[in-house]
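Q: generate a structure from the sequence data that follows.
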Amino acid sequence: MTKADDQVAAVDDAPADPYILDAQIGYLLRLANQRHALIFQEHAILDLTPTQFSAMVRLLDEGECSQNELGRRTAMDVATIKGVVDRLRAKGLVNLKPDPKDKRRTTISPAGPEAELRDRLHGMGRTITEQTLAPLTRAERATLLRLLSRLA
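A: Residues are numbered from 1 along each chain as shown. Below is the predicted model of the structure:
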């Protein structure tokens, strides 16, 4: 064995860094999410949950669609989006109607004045984002969002 081989073997045999919970991505993401959830609750309008908020913003920004399409647009599985749509309908925020092209399918659209609701939800979202990211500089915010986008 050469000296270089010995060095590689020594590195391979070295103990891994100690496992420190406070330095783990899952733990830190959970803590950050808890903080964000509290901020969201403080500023939520219309008694919206984060998933309901996402669904409404997608509908308002991208327009009428099927329940399955809305699930894809918001990265929610079939069961989750069904519950979200049912609750939005119960709140009077969305309308459901048969798809004229496919009678087996239902389309979902926002109820009421869309521009006003879009402005209110976008404003709410901006406030929540601003408060969630408040401890970071502008450069750190951009870096964090860029890196999280890569993970997502």
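Q: when you work out contacts or count neighbours from here on, use the C-alpha atoms and nothing else.
A: OK.
Q: assumed P98 was part of a strand.
A: Yes: counting by DSSP: H, G, I helix; E, B strand; the rest coil, P98 is part of a strand.
Q: report the beta-bridge partners for it.
A: T106 (DSSP bridges).
Q: so what's it up against?
A: 104-107 (CA atoms under 8 Å, 6 or more residues apart in numbering).
Q: from these, keep the buried residues only.
A: 106-107 (16 or more other CA atoms under 10 Å).
Q: not counting its neighbours along the chain, what's nearest L21?
A: Distances taken as CA to CA, 6 or more residues apart in numbering place Y27 nearest to L21, at 6.7 Å, with adjacent residues excluded.
Q: mean confidence (pLDDT) on stretch 64-78, please.
A: For stretch 64-78, mean pLDDT rounds to 96.
Q: what's the end-to-end length of it?
A: Terminal residues of stretch 64-78 lie 17 Å apart, using CA to CA, to the nearest Å.
Q: I20 is in contact with the residue nearest to L21, correct?
A: No: Y27 lies out of contact with I20 (CA atoms under 8 Å); the separation is 10.1 Å.
Q: which of the two has more residues huddled nearby?
A: More neighbours surround Y27 than the other of Y27 and I20, with 12 against 7 (other CA atoms under 10 Å).
Q: how distant is the helix or strand hosting that one from the center of its chain?
A: Assessed by DSSP states H and E, Y27 sits inside helix 25-43. Distance, stretch centre to chain centre, for helix 25-43: 12 Å (CA atoms, centre = their mean, to the nearest Å).
Q: buried stuff in stretch 37-56?
A: 39-40, 44, 48-49, 51-56.
Q: narrow those residues to those in helices?
A: 39-40, 51-56 (DSSP state H).
Q: how about those residues in JSON lines, adding pLDDT and distance to V78?
A: Formatted as JSON lines, those follow (pLDDT from 0 to 100; distance: CA to CA, whole Å):
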{"residue": "I39", "pLDDT": "98", "distance to V78": "27"}
{"residue": "F40", "pLDDT": "98", "distance to V78": "24"}
{"residue": "T51", "pLDDT": "97", "distance to V78": "13"}
{"residue": "Q52", "pLDDT": "98", "distance to V78": "14"}
{"residue": "F53", "pLDDT": "98", "distance to V78": "17"}
{"residue": "S54", "pLDDT": "98", "distance to V78": "15"}
{"residue": "A55", "pLDDT": "98", "distance to V78": "13"}
{"residue": "M56", "pLDDT": "98", "distance to V78": "16"}
